[in-house]
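[1] only the shape, not the letters, is given here:
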């Protein structure tokens, strides 16, 4: 499978000033991300996740090693449209409305106006931002700003998405939509490298993870391998108590281990959806 | 093409600056009207002196410039370092300044839009004449002393058609019993008037003949007060009148120079410093260059209110130091921002 992102002995050290010592933000690491994969970058705060993404986005020069994205150096002009970076934090140019913001992004990506507007309308609809109308971005909630940032990243239909905390501040619906979009991008051959603290989401969506700590790569590989989930488990629903006992006995006879027999509960997300759907304005659903 | 330009940093920044600055500018103009009415001192028997109202025109002009500069610096996330969301814009922008140059241009355009009515309509309300005239300071001769026994002083006019000649020499201590100096004024040998001068910077106006004049000659005709005609002592007022609207437009353009320098230096500081530092540098420079008189803006406003043609009072050569300083700051800022950070 072709490689979308590659790094060899990639390192970043922030130079010290005066009495402050130099800070190794990223210690030499090797990395290969095949096309069509979703890779999560995990690690505590200050572990080098954002630095890694900034290097790959061409915003931070490495102090050692090399990196390529789609076989080009990260600063190559050709990557401006092929690679999208969604940084964390509030959006810039926040006196603009969402359509104006996306119009600016489209113009800078050299999209024809009509095409840019059509794509912007599509992503605003998909990311549930249509109702924001002409409101200024600065009046948006954190979640709305994150969704708009993702819309901006997707506007140029990039082959590689570099996302820094894409679901931070999003409600469960927003997170679900974002996850779905990322899956679709990967299915269409796109590559996603996302830094996140949301371990459940990473577990749900990512094919592989990198775990960084103190700028060092601590673990890397497919989730199944890292989590040891090669063995299969069976989740059963809807049996009465007698049938459940028989099933458990059969499982033991076959060499399985019965870990838990619990009353059936709804998933918290289902409860949230039911409650929120009853109170959300029609326009937001 | 227009639709596309509308989406670019220049237009976005211009719109943001206009939205942020129009109200403060209007308020400052209102305050200037109020203060001018409250503080004006009537001078019975003296001619109206609109040049004295320069500060009241400075006030809204300065507010417009400061508001546009502040908005531009705050709006464009790459003007200063460590701004939220800067990475998103930095990836999209081309060029070594990453859109900062366009943002500066947008701020200047917005300032021009705001200051144009101030320099034309508001200046007229403050007393600027309906027509402007070219007032030329004649370069003083190598030996500018005019006294008994001294040769006449000659000034080249190059065929200008004049309306008036103004004399404002420095006076020295009398050489004998005090007697005011009498100066004969001749144009191309023809005597056009006599001035009696007794003290330093005494202002005398003499009407000139309505024909092209090659040389102006000042001859000592009597008195014991020696006169020194240094730089600015002799000015010629041309006969032709010019549009006050164009004069206001020129003054508004000259007022862009301090903002250009201030924003360029803000870009220079902002390569490594955060927004408050960049803004402090910009505001400081703006103030020094305008109210402080360290640039052509103050002279332009004074000339505008006096009805002097700004293009002659503040010629393009007077713009060059500001243009050079701003351009240099831009170039250095460009070099500092050339590569991604290490």
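    Here it is on my side, so go on. In this text, all values refer to a predicted model and were calculated from it rather than measured experimentally.
[2] from here on, just use CA atoms for contacts and neighbour counts.
    Fine.
[3] what's around residue B:110, how many residues?
    Neighbours of residue B:110 under the rule other C-alpha atoms under 10 Å in any protein chain shown: 27.
[4] so residue B:135 touches residue B:239, yeah?
    No. With contact defined as C-alpha atoms under 8 Å, residue B:135 does not count as touching residue B:239 (9.7 Å).
[5] between these two, who's got more neighbours?
    Of the pair residue B:135 and residue B:239, residue B:135 is the one with more neighbours under other C-alpha under 10 Å, namely 24 against 19.
[6] Three-state assignment for the more buried one, please.
    Assigned by DSSP: H, G, I helix; E, B strand; the rest coil, the conformation of residue B:135 is strand.
[7] who in the stretch 51-200 of chain A is up against chain B?
    Proximity of the stretch 51-200 of chain A to chain B, by C-alpha under 8 Å from any C-alpha of the partner chain, involves residues A:57-63, A:80, A:85-95, A:100, A:103-105, A:107-109, A:113.
[8] inside helices: which ones of these?
    The helices, defined by DSSP state H, take in A:80, A:100, A:103, A:104, A:105, A:107, A:108, A:113 from those.
[9] so does stretch B:75-90 get close to chain A?
    Yes. Contact between stretch B:75-90 and chain A, assessed by C-alpha under 8 Å from any C-alpha, occurs at B:75, B:76, B:77, B:84, B:85, B:86, B:87, B:88, B:89, B:90.
[10] touching that stretch from outside, list them.
    Around stretch B:75-90, the neighbours that count as contacts under C-alpha atoms under 8 Å, 6 or more residues apart in numbering or on different chains are A:59, A:85-95, B:13, B:16, B:73, B:98-100, B:103, B:266-267, B:269-275, B:278.
[11] same question for stretch B:194-212.
    For stretch B:194-212, contacts defined as C-alpha under 8 Å, 6+ apart pick out B:159-172, B:179-185, B:187, B:192-193, B:225, B:239.
[12] try 6 Å
    Applying C-alpha atoms under 6 Å, 6 or more residues apart in numbering or on different chains, the set of residues contacting stretch B:194-212 from outside is B:159-171, B:180-185.
[13] tell me which residues of that stretch come out buried.
    Neighbour-count burial for stretch B:194-212 flags B:194, B:195, B:196, B:197, B:198, B:199, B:205, B:206, B:208, B:209, B:212 (criterion: 16 or more other C-alpha atoms under 10 Å in any protein chain shown).
[14] before we move on, what about stretch A:33-50?
    By 16+ other C-alpha under 10 Å, the buried positions in stretch A:33-50 come out as A:33-43, A:47-50.
[15] so which of those residues are in strands?
    Among the buried residues of stretch A:33-50, the members falling in strands (DSSP state E) are A:33, A:34, A:38, A:39, A:40, A:41, A:42.
[16] of all those, which two lie farthest apart?
    Spatial extent of these (C-alpha to C-alpha) is set by the pair A:34 and A:42 at 18.1 Å.
[17] ends of stretch A:257-274, what's the gap?
    One end of stretch A:257-274 to the other measures 35 Å (C-alpha to C-alpha, to the nearest Å).
[18] also stretch B:288-300?
    Rule used - C-alpha to C-alpha; the end-to-end distance of stretch B:288-300 is 15 Å.
[19] quick one, helices of chain B?
    All helices of chain B, identified by DSSP H, fall at B:2-5, B:9-39, B:54-75, B:86-92, B:100-117, B:123-125, B:244-254, B:256-270, B:275-289, B:296-306, B:310-313, B:316-336.
[20] in the stretch 101-250 of chain B, which residue sits closest to chain A?
    Here the residue of the stretch 101-250 of chain B nearest chain A is residue B:103; by C-alpha to the nearest C-alpha that distance is 11.6 Å.
[21] I'd say that residue and residue B:13 touch.
    Yes. With contact defined as C-alpha atoms under 6 Å, residue B:103 reaches residue B:13; the gap is 5.4 Å.
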